[in-house]
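A.B. asks: coords please:
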Amino acid sequence: MTIGSHVLVNIKNITDKEKLKFMYNIKPLFVEIIHKFKLNVANYCHKQFTPHGVTLLYLLTTSHLSCHTFVEEGVIAMDLFTCDKSQVPDPDELKKIIYAFFDNDIIIEMELIER
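C.D. replies: Next up, the predicted model:
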């Protein structure tokens, strides 16, 4: 029995490190993902690290969407878990959103795990 889908994403080789430093720089990416895949947000929180770096967490009505930025390495670790099959992102569509946001030669590693 499958109870949900877990999408794990590592975004690497990000050269525009300004987008990784502060919540207000990276949040538009997640707003776009939420809008595109019709995710229902129940709550939101973030942690801004000093001098820079961010953890974002969207509590969804079906589970969660989260990320952590690693500024010096030019990396974002992101995960999305949903119990609603209609909200599982199409990997190609998710990649399009990510590529459009960073607009460079990033590397996207993605894994979809059925739980």
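A.B. asks: only C-alpha atoms for contact and neighbour calcs from this point on.
C.D. replies: Noted.
A.B. asks: which residue is nearest the middle of the chain?
C.D. replies: Centroid-nearest residue in the chain, with C-alpha atoms, centre = their mean: residue 78, separated by 4.3 Å.
A.B. asks: now do the SS call for residue 92.
C.D. replies: Residue 92 falls in the helix class when you classify it by DSSP: H, G, I helix; E, B strand; the rest coil.
A.B. asks: mind checking how far it is from residue 110?
C.D. replies: 10 Å (C-alpha to C-alpha, to the nearest Å).
A.B. asks: neighbour-wise, which of these two wins?
C.D. replies: The residue with more neighbours, out of residue 92 and residue 110, is residue 110; 16 against 9, by other C-alpha atoms under 10 Å.
A.B. asks: the more buried one: which element?
C.D. replies: Using DSSP states H and E, residue 110 falls within strand 107-114.
A.B. asks: what packs against that strand?
C.D. replies: strand 5-12 (3 or more C-alpha pairs under 8 Å, 6 or more residues apart in numbering; DSSP states H and E).
A.B. asks: name the strands paired with the strand it packs on and say parallel or antiparallel.
C.D. replies: strand 75-82 (antiparallel), strand 107-114 (antiparallel) (DSSP bridges).
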